[in-house]
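**Q** what follows is a predicted structure for the sequence shown.
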Amino acid sequence: MDTRGSENKPSVLISHASGSQFVRNAVRSLAEHEMLAEFWTSIAWNADSRWNSVLPAKVRTELCRRAFPEAPAGKIKTVPWREMVRLATRSTPLWPLLSSGERPFSVIGISRHFDGCVARGLKKLRPNVAYANEGCAVQTFREAKKRGVIAVYELPSSYWYWEHKLYAEDARRSPEFADLLASQTESATNLEQKDEELSLADYVFVPSEHVRRTLAGVVPDERICVISYGAPPIRHRTLTRSDPNQKLKVLFAGTLVQRKGIGYLLKAIEMLGPQAELTLLGSRVAANRHVDAACKRWRWYKTLPHGRVLDLMAQSDVLVLPSLSDGWGLVVTEALACGLPVIVTPNAGVSQIVRDGHDGYVVPICRADAIAERLEALHRDREMLAEMSRQAQVTAAENSWENYRDNWAGAVRGLAWH
């Protein structure tokens, strides 16, 4: 079946095994602009299913996250059974046997199987464009090359080799947090697959100039398209407190790992002493005496429903995400939409929309002293903090998901007929 679109409306097959926020908006963009041929994912749950009334609450919540109202039901294709096994074996003795590492029901194993199914679907569909994501694209793109289909690759994070070098440097710089750096145990086969995906892609979509920089010398610049992710709708916020005698309420939201700069934030909080109090929101992935002590000393939430996360942002004064490497940092745009000033690094892709000194600060990576200096300034000057809060929402409004969808559709349309 050949589903090639018209001159102004190319047909696009888009795939993602789980369905992140940016993929949902990409799918919605294609549907809104009448360019969606098919959307492939692992599980697409019917939020109105009768099963929802009998399923355990935890299972129901997990499955409802896999509902995709963004796409017409007739254009959704699923490959569910391996992902269902993975979810079912989580936290059971079967997990190490079936779902760990690169086993058949692991994330990597599922991705490879899913990629093969999408490739077979592409062979039948013959769209103008095939859009796929890191780890789920090599078979799809091989088939696209045979069929004359344009291959578009989404790389939401930094290039793996660049990250490996950065983490090795940070392990030497801050050995007390080295156990919280990403494990560099991915197989050579998996890393080679990622590189083949990049080489097969006609175009690489990235969310930030930071990710583009990590691809220098790997992907020609003319094949890279930067399309910034969006911010959610503005949320009402009461005026920030103006009393400098109150402690500055600092929020960290993200996995408690060194990639997110957790070690540098904890050092900065120590430097501030009694001027600030910290709230940590995110799971611990490994034992670390500094992080473990911080979780006992400060308020710590392993996880919260999304509504409670927004409430927590509304109760805080500033979000700090001093990432060593982040393709974007969606939590930052959520914070801005809540009127929460932010402190980020240039290696958080979202830094490109942060106006230093207006809605937050951009500080160098690995610099606890720079974080502490900015926090102290916000603590001393509550009028500046209140103005930054107002400006944060201006920035969020200027960088909405609606803008992303329009930019995304325009980019795909332009590439398809280039």
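**A** That came in fine, so what should we check first? Numbering: from 1, shown residues only.
**Q** identify the residue spatially nearest to I365, adjacent ones excluded.
**A** Distances taken as CB to CB, 6 or more residues apart in numbering place T345 nearest to I365, at 4.6 Å, with adjacent residues excluded. In short, each C-beta sits where N, CA and C put it, glycine included.
**Q** now do the same contact list for the one you found.
**A** G261, L321, P322, S323, L324, S351, V362, V363, P364, I365 (CB atoms under 8 Å, 6 or more residues apart in numbering).
**Q** now do the phi/psi pair for it.
**A** Phi and psi for T345, reported as degrees, to the nearest 10, are phi -110, psi 160.
**Q** residue ranges for the strands of the protein, please.
**A** 12-15, 36-41, 76-78, 129-133, 150-154, 203-206, 224-226, 248-253, 276-281, 299-301, 318-321, 342-344, 360-362 (DSSP state E).
**Q** W408: which of the ones you listed is closest?
**A** With CB to CB as the criterion, W408 lies closest to strand 203-206 of these, at 8.0 Å.
**Q** for that closest one, C-alpha coordinates in PDB please.
**A** In PDB, the C-alpha atoms belonging to strand 203-206 read as follows (Å, rounded to 0.1, in the frame of the first residue of the first chain):
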ATOM      1  CA  TYR A 203      18.000  14.300   9.100                       C
ATOM      2  CA  VAL A 204      18.500  14.400  12.800                       C
ATOM      3  CA  PHE A 205      16.000  16.400  15.000                       C
ATOM      4  CA  VAL A 206      17.400  17.600  18.300                       C
END
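**Q** give the rounded mean pLDDT of it.
**A** When pLDDT is averaged over strand 203-206, the result is 98.
**Q** residue numbering should commence at 506 henceforth.
**A** Yep, numbering from 506; the last one is strand 708-711 now.
**Q** that strand pairs with which strands, parallel or anti?
**A** When pairing is defined by DSSP bridges, strand 708-711 lines up against strand 655-659 (parallel), strand 729-731 (parallel).
**Q** show residues contacting the longest one.
**A** Think strand 655-659. In contact with strand 655-659 (CB under 8 Å, 6+ apart) are residues 527-528, 531, 633-639, 642, 645-646, 649-650, 702-703, 705-711, 917, 920-921.
**Q** ok, now stretch 915-923?
**A** For stretch 915-923, the external contacting residues (CB under 8 Å, 6+ apart) are 510, 512-515, 517, 535, 538, 540, 633-634, 636, 655, 657, 707-708, 710, 730, 732.
**Q** of those, just the buried ones, ChimeraX syntax please.
**A** Of these, the buried ones go into a single ChimeraX selection, burial set by 16 or more other CB atoms under 10 Å:
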select :510,514,515,517,535,538,540,633,634,636,655,657,707,708,710,730,732
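**Q** which among the contacts of strand 655-659 count as buried?
**A** For the contacts of strand 655-659, buried by 16+ other CB under 10 Å: 527-528, 531, 633-639, 642, 645-646, 649, 702-703, 705-711, 917, 920-921.
**Q** can you get me a residue count around the closest residue in space to A875 that isn't next to it in sequence?
**A** Once flanking residues are discounted, A875 sits nearest to V868: 4.0 Å by CB to CB, 6+ apart. A count of nearby residues for V868, using other CB atoms under 10 Å, gives 25.
**Q** now do I548
**A** Applying other CB under 10 Å, we find 20 residues neighbouring I548.
**Q** ok, now how distant is it from L785?
**A** Noted for I548: a distance of 31 Å to L785, by CB to CB, to the nearest Å.
**Q** and for R555?
**A** 39 Å.
**Q** please say which of these two ends up with more neighbours.
**A** L785 (23 against 8).
**Q** show me what contacts the closest residue to the more buried one other than its chain neighbours?
**A** Once flanking residues are discounted, L785 sits nearest to W805: 4.4 Å by CB to CB, 6+ apart. Contacts for W805 (CB under 8 Å, 6+ apart) come out as T784, L785, L786, A799.
**Q** pLDDT and distance to C569 added to those residues, as JSON lines?
**A** Shown next, in JSON lines, are the contacts of W805 (pLDDT from 0 to 100; distance: CB to CB, whole Å):
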{"residue": "T784", "pLDDT": "98", "distance to C569": "27"}
{"residue": "L785", "pLDDT": "98", "distance to C569": "27"}
{"residue": "L786", "pLDDT": "98", "distance to C569": "22"}
{"residue": "A799", "pLDDT": "98", "distance to C569": "33"}
